[in-house]
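**Q** Fold the following.
(one chain, ligands or ions: 2)
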Amino acid sequence: MGQEHRYRKDETQPISSPVETSRIGADHGVPIAFRNVTKRFGAFTALDGFSMTIERGEFLTILGESGSGKSTILNALAGFVPIDSGEISIDGKAVHALPPEQRGVGMVFQNYSLFPHMNVADNVAFPLRMRGVQKREARRRSEEALDIVRLSGLGHRFPRELSGGQQQRVAVARAISFHPPVLLMDEPLGALDLKLREALQFEIKQIQRRLGCTVVYVTHDQREAMALSDRIVVLRSGRIEQLGSSADLYDKPRTKFVADFIGQTNVIPATRSGRQVILDHLGLIITPPSITGGDDPLFLNLRPEKLTARRAEGQEVEFPATVQETVFLGDTISVSAMTPSGIAIYFRQPRHAASGLSPGDAIWLSFDPSDAVLVVDVP
Ligand code: ADP
Ligand code: MG
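**A** Ligands and ions are numbered 1, 2, ... in the order given. The predicted structure follows:
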C-alpha cells in the first residue's frame, strides 16, 4: 500500500486529501432496477409495486419515516427478504431468486452486527473467507479495507474494545472488503452522536468515490440524505412519494408531505382561481409561475429563507404579522410570527438583518411569488 500520505492527522478530517483519486476494488458501480416489487408481511403490504432504477456508481438514498419500508427494500435487494412479486436486477441480471452471497452486495446494518467473538481483522476478512479467498490474500484485503476506514493497526482488537464510531467503521470495512460493486447501508450512523455523524458522512462520500461502487443508503434523517446523495427517493407507506436530487426535493416538492419532510418550511392553505392563487390566511392573491394539481387540496410552500421582514409596508407581495419568538442560530436568526388570521409563519434572516426583532413587534413579510411553490396534499 505505502500510502500513508493519504491520511490527515486530525481524526475529524476527511480520509483522503483532495488529490487522492486512485480507485481500488470494484471500480465499477453497477446499475440496479426494481420492477413492480411487492412485499407483504401477512396481510400487511410493506412494498406496493415499487419500481425504480439506480444508476451505475450513483449514491441513492431512501428517505422515509420509520415503518415506511426502507429496510425492506434493502433487505430485498441484498437477498435477506424474499419478494412476493416483481423483479430486482443488478447489472442487468435478475437476482431476486439468488442467495445473498451471489448478488455482489455488501451491507452495513444499523446495529453493526459485528461478530463479538472475532477480532476486527477476522470480522473484516469474513466475507472473503466465505467466498473462498485464501488466508493470506484475505488478510491483505482485510488490512486494505481497514486502511480505507482509518483503522489500520486495530485488527487485533475485539469489537467490545472499540467505540461506537470505530465499530461502525469496522462494519463498513467488512462490507467493502470483497470489493462489492453495490454497497448497501441501513441507517449506519443512527446510533452515533451528531458530531461524529457529520464527520462520518464525509468519510462515506469519500469511500464511495474511491471504490466507485453504487451505494444505496437508508436514513430517516433528511439532512443526512441531502448531504450525501446524488438522488433521494422519498418513501411513504411502501410507495415512492417523490424521486429527485436534493435540490429538486427542496426547491420543487410536489406534495405537502415532501415539502414538510425536507427542511423547515411554511405550507399555507391555498385555493385556485384560473391562473391566480388565493391565500386567505395572508390576505393575498398571487400569480405563481406554474400551477399544479387537479382537485387535490392545494398549499403554497414558502421556505423560511425566502421571506423578508420589514418594519413598514410598501412591497408588492406582502402580509402583516407579529413576531412571536426569535431563535439565534449563529449565522442566521430564525423567527416565528403570527398572521392576523392566526397561522404561524417561520422565517429566517441573516443575523444583521434580524437583530432588532423582538416578540410583539409588528412586521410586514414579503416574498417573490416565483419563489413560492404550489404543492398538493395527496392521501
Ligand atoms: P423502515 O426500515 O422504513 O423503518 P421496514 O422496512 O423495516 O421499515 O418495515 C416496513 C413495515 O413492514 C413496518 O410496518 C414493519 O412493521 C413491517 N415489517 C417489516 N419486517 C417485518 C416482518 N418480518 N414481519 C412483519 N412485519 C414486518
Ligand atoms: Mg429500517
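
**Q** Pop the domain breakdown of this protein in here.
**A** Structurally, the chain divides into domains by automatic domain parsing as follows: 4-249, 252-376.

**Q** For this protein, name the helix or strand with the lowest mean pLDDT.
**A** For the chain, using mean pLDDT, DSSP states H and E, the weakest element among its helices and strands is helix 351-354, scoring a mean of 74.

**Q** Quick one: name whatever helix or strand follows that one.
**A** The helix or strand immediately downstream of helix 351-354 is strand 362-366, counting by DSSP states H and E.

**Q** Show me where this protein has its helices.
**A** Counting by DSSP state H, the segments of the chain that form helices are 70-78, 120-130, 135-148, 164-176, 194-211, 222-228, 246-251, 256-261, 351-354.

**Q** could these be laid out in CSV, adding distance to Phe41?
**A** All C-beta spots, glycine's among them, are computed from the backbone N, C-alpha and C. Shown next, in CSV, are the helices of the chain (distance: least, C-beta to C-beta, whole Å):
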stretch, distance to Phe41
helix 70-78, 8
helix 120-130, 28
helix 135-148, 34
helix 164-176, 26
helix 194-211, 30
helix 222-228, 25
helix 246-251, 28
helix 256-261, 23
helix 351-354, 49
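
**Q** With respect to ligand 1, which of the ones you listed lies nearest?
**A** helix 70-78 (3.2 Å; C-beta to the nearest ligand atom).

**Q** how distant is that closest one from the center of its chain?
**A** Offset of helix 70-78 from its chain centre (C-alpha atoms, centre = their mean, to the nearest Å): 16 Å.

**Q** what does it contact?
**A** 32, 34, 37, 39, 46-47, 50, 62-64, 81-83, 88, 90, 96, 100, 103, 105, 107, 182, 184, 186-187, 216, 218-220, 235, 238 (C-beta atoms under 8 Å, 6 or more residues apart in numbering).

**Q** are any of the residues you listed buried, and which?
**A** Using 16 or more other C-beta atoms under 10 Å as the burial test, the contacts of helix 70-78 include 32, 34, 37, 39, 46-47, 50, 62-64, 81, 83, 88, 90, 96, 103, 105, 107, 182, 184, 186-187, 216, 218-220, 235, 238 as buried.

**Q** which of these are close to ligand 1?
**A** Filtering those for proximity to ligand 1 by C-beta under 6 Å from any ligand atom leaves 46, 64.

**Q** Around Gly165, count how many other residues there are.
**A** Residues near Gly165, counting by other C-beta atoms under 10 Å, number 17.

**Q** and if you look at Ser341?
**A** Other residues close to Ser341 by other C-beta under 10 Å number 12.

**Q** Report the contact partners of it.
**A** 280-283.

**Q** Let's see that with 6 Å instead.
**A** By C-beta atoms under 6 Å, 6 or more residues apart in numbering, the contact set of Ser341 is His281.

**Q** Please identify the most buried of the domains of the chain.
**A** domain 4-249 (a mean of 18; mean count of other C-beta atoms under 10 Å).

**Q** mind checking how far that domain is from the chain centre?
**A** Centre to centre, stretch against its chain (C-alpha atoms, centre = their mean), the figure for domain 4-249 is 13 Å.

**Q** Of the helices of the chain, which is nearest Glu58?
**A** helix 194-211 (9.5 Å; C-beta to C-beta).

**Q** Helix 164-176 and the closest one, what's the angle between them?
**A** Orientation check (axes from the mean of the first three to the mean of the last three C-alpha atoms, to 10 degrees): helix 194-211 against helix 164-176 gives 20 degrees.

**Q** check contacts around the residue most central in space within the chain.
**A** Centrality entry for the chain: nearest residue to the mean C-alpha point is Ala225, 1.5 Å, by C-alpha atoms, centre = their mean. Counting by C-beta under 6 Å, 6+ apart, Ala225 touches 61, 63, 219, 232.

**Q** what about it, distance to Leu63?
**A** From Ala225 over to Leu63 the distance is 4 Å, taken as C-beta to C-beta, to the nearest Å.

**Q** likewise Val323?
**A** When Val323 is compared with Leu63 (using C-beta to C-beta), they lie 33 Å apart.

**Q** Show only the entries of the contacts of helix 70-78 found in strands.
**A** Assignment to strands by DSSP state E places the following of the contacts of helix 70-78 there: 32, 34, 37, 39, 46-47, 50, 62-64, 88, 90, 105, 107, 182, 184, 186, 216, 218-219, 235.

**Q** hang on, the earlier thing: could you redo the helices of the chain as JSON lines and give each row distance to ligand 1?
**A** Shown next, in JSON lines, are those (distance: least, C-beta to the nearest ligand atom, whole Å):
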{"stretch": "helix 70-78", "distance to ligand 1": "3"}
{"stretch": "helix 120-130", "distance to ligand 1": "23"}
{"stretch": "helix 135-148", "distance to ligand 1": "26"}
{"stretch": "helix 164-176", "distance to ligand 1": "17"}
{"stretch": "helix 194-211", "distance to ligand 1": "18"}
{"stretch": "helix 222-228", "distance to ligand 1": "13"}
{"stretch": "helix 246-251", "distance to ligand 1": "18"}
{"stretch": "helix 256-261", "distance to ligand 1": "13"}
{"stretch": "helix 351-354", "distance to ligand 1": "38"}
